[in-house]
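[1] I would like the atomic coordinates for the input below:
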Amino acid sequence: MQELIKKIHKKAKSELKTIVLPEGDEARVKQAAKEISAKGLAKVILLNEKDLKPEKLKIYGQEFYELRKHKGVSLADAQLQVSKPLYYGAMMVRNREADGFVAGASLSTPDVARCAIYCLGVNPDIATVSSCFIMVVPNCSLGAEGVFVFADCGIVPNPTAKELANIAIATAELTKEVLEFTPRIAMLSYSTKGSAKGEAVDKVREATQLVKNQRPDLIIDGELQVDSAIVPEVAKIKDPQGQFAGEANILIFPNLDSGNISYKLVNRLAKARAIGPLLQGLNFPCSDLSRGCNVEEIIDCVAVTAVRAQYRK
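    From the prediction side, this is the model:
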């Protein structure tokens, strides 16, 4: 576990990026900012209301109004919105005054995701905003020596086949950038290659084919039960002709219920380190945080966001 974290930290240090933390009054965030700076993982901008500059508020308010006026947002509403550190920080990223932001220690996931979508915009190449967790499971030989990426665990309640395909592609790209291993994507279901039937199975099967058509370079298989996806001995029995013989390292869940429950179970029962939720499908990198996060988890999210920023075109 520590080797992976050291690798991510080393990569973050290799090209310092500027990350905004817009919850500057939160004790855990303040402590994390100190440690991030001390370790040289990123340049940190810690924001609270007193740090917001009047001249920037005016500029950001006008820009946010232009972005949202088609939804009935008035200029006064826009100026009020960017007076919140979360939106101010996101507008800093949009204007390339920072490279990414990390928030959510005291804010809900819907609040952070909504701000990210409004201010950073949806990447048209992905078209679906989702989230993933890097899961580092101790004393585990499965996946990439105990490392998995789970998606989506925080954003899309019941994705369509197309959205599932987009989530899989976005997660594969993040995996290559941050973890630098070959993605092996399992599209999860309660069925393995026709062992059960139902609309949910059909959706996963369709999503798998969409990814294969769009990105033939990716290693992907589905529909798969999770044991068929990650346990080689089970894969030999249930899926002997599979793409990766039970060695998946990316798990794409069919809905938000299964993804969110699974990451929390693995986090608590297997004592896995959960890095995220990392938001995907946006024009700039950012990360949400669990409101129950600790300082270490904030540092991890900032390091990963900084690494992702190194790849932004």
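[2] Quick one: residues contacting I275.
    Shown in contact with I275 (C-beta atoms under 8 Å, 6 or more residues apart in numbering): 133-136, 297, 300-301, 304. C-beta: built from backbone N, CA, C; applies to glycine.
[3] helix or strand right after the host helix or strand of M187?
    Applying DSSP states H and E as the criterion places M187 in strand 184-188. Next helix or strand after strand 184-188 toward the C-terminus (DSSP H and E): helix 199-214.
[4] Can you name the next helix or strand after that following helix?
    Following helix 199-214 toward the C-terminus (DSSP H and E): strand 219-224.
[5] Residues in contact with the helix or strand just after that next one: which ones?
    Using DSSP H and E, the helix or strand that follows strand 219-224 towards the C-terminus is helix 226-230. By C-beta under 8 Å, 6+ apart, the residues outside helix 226-230 that reach it are 142-143, 148, 186, 188, 192, 221, 234-235, 238-239, 242, 246-248, 251.
[6] In helices, which of these fall?
    In helices, defined here by DSSP state H, the members of the contacts of helix 226-230 are 142-143, 234-235, 238.
[7] If you rank the residues you listed by neighbours, which is first?
    Neighbour tally across the ones in helices among the contacts of helix 226-230 (other C-beta atoms under 10 Å): the maximum, 25 neighbours, falls on A235.
[8] Which residues are in contact with the closest residue to that one other than its chain neighbours?
    Counting by C-beta to C-beta, 6 or more residues apart in numbering, A235 lies nearest to G246, which is 3.0 Å off, once chain neighbours are set aside. Counting by C-beta under 8 Å, 6+ apart, G246 makes contact with 228-236, 239.
[9] For these, which entry has the maximal number of neighbours?
    Compared across the contacts of G246, A229 has the highest neighbour count, 33 neighbours, by other C-beta under 10 Å.
[10] Strands along the stretch 51-200 of the chain, start to end?
    Listed in chain order, the strands of the stretch 51-200 of the chain (DSSP state E, counting those that start in this stretch) span 100-103, 130-136, 147-151, 184-188.
[11] contact partners of the shortest one?
    Spelled out, it's strand 100-103. With C-beta under 8 Å, 6+ apart, strand 100-103 has contacts from 17, 19-23, 86, 89-90, 92-93, 112, 115, 284-289, 298, 301-302, 305-306, 308-309.
[12] In strands only, show me those.
    19-21, 286-288 (DSSP state E).
[13] Can I get these in a markdown table including pLDDT and neighbour count?
    A markdown table is the format used below for these (pLDDT from 0 to 100; neighbours: other C-beta atoms under 10 Å):
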| residue | pLDDT | neighbour count |
| --- | --- | --- |
| I19 | 98 | 30 |
| V20 | 97 | 29 |
| L21 | 97 | 27 |
| C286 | 95 | 29 |
| S287 | 95 | 26 |
| D288 | 92 | 26 |
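[14] Noted, bye for now.
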